[in-house]
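In: test case, fold it:
(one chain, ligands or ions: 1)
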Amino acid sequence: MSNAWTYTATCQTLGLTNQMEWFRTQWDQAAEAFDPAGDWLPTEAQAAEYCAWIGMTDEVSRLVVQGVREVRHKPALVMLAWQYYWAMFLPAAIRPWTPVPWFMLPPAPPEQDFAGRMFQAVVILSGIPRYRTEHAARGIPEKISRDNLLGIELWMHNYRQRFGQWGFDRGSWLANHITDRLVRMQRLEFGLSRFAFGFTLLRERCGEHRVVALADSGLRLRQDGRYQNAQGTPADDPGWGTYLMGNEKTITGYPVVEPNVVAREPVTLDLSQWEVVLQAGDPVLDIHIPARGKMDIAACDESFAQAMTFFPRYYPEHVFKAFTCGSWLVDPQLAQQMPGSNMAHFAQRYHHLPADGANDGQVYDLGLGGRCPLDKAPKDTTLRRILVEHMGKGGQWWYTNGVILREECAATAGGHRRLPGV
Ligand SMILES: CC(C)(COP(=O)(O)OP(=O)(O)OC[C@H]1O[C@@H](n2cnc3c(N)ncnc32)[C@H](O)[C@@H]1OP(=O)(O)O)[C@@H](O)C(=O)NCCC(=O)NCCS
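Out: Residues are numbered from 1 along each chain as shown. Below is the predicted model of the structure:
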């Protein structure tokens with residue numbers, strides 16, 4: 001190998017340990033293709049132009065440019081950036097291996113120098129030329145392409161709030177945007193994804209058009225019908241397994257009877273009366289809710305309405321069948337306990353399905369500001385008081401998976417015609 005920056009030398013120089021293991025087998029192939037004079041890594045002038053194009057403030061643009069300058073002065077970091085670039089942004093024909101698992105981006109803790117703290121932002125920036133070309137080829141309005149990357153600046157501010165100095169550590173999230181897997185539409189973000197919630201949804205062909213969710217084969221559930229690895233599963237719970245069986249006439253499986261709970265008794269549905277409307281692998285739009293101000297009902301309606309026209313126009317190959325969302329914000333208990341609130345309205349949009357490994361982690365992280373004993377938990381907002389009170393009475397909050405069928409989302413206003421069913 002011609003380049004001095006072998007896997008071992010790079011990891012040693014940068015102090016990286018096992019989180020880089022994934023690269024070990026691919027490293028040399030990418031390193032062989034490395035051109036130190038190549039134009040894949042932005043120059044300072046290019047970085048400034050990208051920042052201006054995105055619409056970043058001058059202050060943050062200057063920091064990003066400084067980050068590029070400092071990364072460029074560290075050959076080991078340049079090689080590492082190339083490894084990501086090679087995996088993420090080159091066509092699959094040149095890069096015959098699977099995309100980098102982005103959670104493996106080297107961490108950017110505050111004790112690192114500025115180059116280390118800005119490394120992830122520099123990697124994201126290196127994808128901008130390809131991103132712009134692809135969006136232009138699809139005819140996507142430039143404003144949407146630009147707004148889609150505003151998260152770089154937002155997360156730099158967030159980093160500063162957390163650590164008291166500038167940096168950027170959400171490359172794994174922005175990677176979804178820069179590789180065209182996630183698009184911001186006003187209040188919400190929509191990811192191009194495939195249905196993988198472990199259930200098959202059917203809709204009645206006539207009458208009320210009820211919706212039923214049947215567990216796919218092979219789910220491991222506990223006695224009460226929740227996932228066996230859900231929070232609070234007793235160690236001695238023997239668990240049980242699901243199956244889904246069908247032929248041209250009928251389908252038999254275990255239905256979701258209430259949110260997060262699958263019935264122990266299977267049902268058989270007549271396919272002349274029921275139609276499969278969503279199953280594993282179907283294209284879907286997966287929803288994300290950035291922590292950015294309130295989540296007004298009208299703003300969410302507008303996001304749905306835009307998505308309903310944007311994706312068919314610019315990503316016609318992704319014929320999505322539903323919107324999906326996995327979140328603490330989908331837990332229908334929020335709707336029951338905070339009627340009329342934005343959060344209640346959001347949760348009520350969905351059909352609720354149990355989530356694998358459901359727990360209350362996000363309730364603490366995103367609702368209570370971090371894990372803490374209940375008697376010390378903050379109670380300064382309605383939500384926080386409700387969260388704490390419920391848990392104080394022995395209740396649990398559940399990370400829940402939600403589905404909105406495409407047909408339930410009216411194309412014009414984004415409002416919903418939610419069909420009956422869990
Ligand atoms: C989603 C979110 C924007 C909802 O905020 P919202 O529009 O203000 O929600 P509501 O109007 O329904 O809020 C009702 C009450 O709960 C409070 N509340 C809402 N979200 C809160 C949060 N994350 N932490 C503390 N309190 C919160 C509100 O302040 C309000 O209380 P108040 O009447 O005493 O002022 C907000 O929770 C948020 O930013 N969350 C972080 C992002 C997130 O969770 N994403 C999903 C990841 S999967």
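In: the nearest residue to residue 405 once chain neighbours are set aside: how many residues sit nearby?
Out: Excluding its sequence neighbours, the residue lying closest to residue 405 (CB to CB, 6 or more residues apart in numbering) is residue 322, at 5.1 Å. (Each C-beta comes from the backbone N, C-alpha and C, glycine too.) Burial of residue 322 is recorded as 24 neighbouring residues (other CB atoms under 10 Å).
In: now the closest residue to residue 165 other than its chain neighbours: phi and psi?
Out: Residue nearest to residue 165 in three dimensions, not counting chain neighbours: residue 110, with 6.0 Å by CB to CB, 6+ apart. The phi/psi pair for residue 110 (degrees, to the nearest 10) reads phi -60, psi -20.
In: please apply the same query to residue 199.
Out: Torsion angles, degrees, to the nearest 10, at residue 199: phi -140, psi 160.
In: equivalent analysis for residue 322, please.
Out: Dihedral pair for residue 322: phi -160, psi 160, per degrees, to the nearest 10.
In: enumerate the residues of the protein near the ligand.
Out: Proximity of the chain to the ligand (CB under 6 Å from any ligand atom) is limited to residues 289, 291, 294-295, 327, 329, 338, 341-343, 362, 366-367, 381-384.
In: quickly list what the spatially most central residue of the chain is bridged to.
Out: Nearest to the geometric centre of the chain sits residue 288, at 6.0 Å (CA atoms, centre = their mean). Under DSSP bridges, the beta-bridge partners of residue 288 are residue 189.
In: okay, and for the stretch 1-150 of the chain, where does confidence drop off?
Out: 1-2, 18-19, 91-104 (pLDDT under 70).
In: which residues does residue 249 contact?
Out: Neighbour list for residue 249: 270-272 [criterion: CB atoms under 8 Å, 6 or more residues apart in numbering].
In: again with residue 319
Out: residue 283.
In: if we go to 10 Å?
Out: Residues in contact with residue 319 (CB atoms under 10 Å, 6 or more residues apart in numbering) are 282-283, 311-312, 406.
In: strands - which of those land there?
Out: Among the contacts of residue 319, the members falling in strands (DSSP state E) are residue 283.
In: separation between the residue nearest to the centre of the chain and residue 124?
Out: According to CB to CB, to the nearest Å, residue 288 stands 17 Å off from residue 124.
In: do a quick rundown of the strands in the stretch 301-422 of the chain.
Out: Under the criterion DSSP state E, counting those that start in this stretch, strands of the stretch 301-422 of the chain are mapped to 322-327, 351-353, 400-405.
In: direction included, what does the last one pair up with?
Out: Taking DSSP bridges as the criterion, strand 400-405 sits next to strand 322-327 (antiparallel), strand 351-353 (antiparallel) in its sheet.
In: chain neighbours aside, what residue packs nearest to residue 344?
Out: residue 335 (4.1 Å).
In: show me the contacts for the one you found.
Out: With CB under 10 Å, 6+ apart, residue 335 has these contacts: 259, 341, 343-350, 352.
In: what's the neighbour count on the residue nearest to residue 177 when sequence neighbours are not counted?
Out: The spatially closest residue to residue 177, leaving aside those adjacent along the chain, is residue 148, at 5.1 Å (CB to CB, 6+ apart). Using other CB under 10 Å, residue 148 is surrounded by 22 other residues.
In: about what we covered before: go ahead and confirm the residue nearest to residue 405 touches residue 406.
Out: Yes. The pair residue 322 / residue 406 is scored as a contact, 5.7 Å apart, by CB atoms under 10 Å.
In: joint contacts of those two?
Out: With CB under 10 Å, 6+ apart, residue 322 and residue 406 have common neighbours 277-278, 284-285.
In: of the residues you listed, buried ones?
Out: Among the shared contacts of residue 322 and residue 406, those scoring as buried are 277-278, 284-285 (criterion: 16 or more other CB atoms under 10 Å).
In: that older thread, format the strands paired with strand 400-405 as TSV; extra columns: mean pLDDT.
Out: Below are the strands paired with strand 400-405 laid out as TSV (pLDDT from 0 to 100):
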stretch	mean pLDDT
strand 322-327	97
strand 351-353	96
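In: give me whichever of those is most buried.
Out: Mean neighbour count (mean count of other CB atoms under 10 Å) peaks for strand 351-353 among these, with a mean of 25.
In: which residues are contacting that strand?
Out: Residues from elsewhere that reach strand 351-353 (CB under 10 Å, 6+ apart): 197-199, 201, 211-213, 215, 256, 258-262, 278, 322, 324, 326, 330-333, 335, 398, 400-405, 408, 418-422.
In: what sits against residue 383?
Out: The neighbours of residue 383, taking CB under 10 Å, 6+ apart as the test, are 334, 337-338, 341, 343, 363, 367-368.
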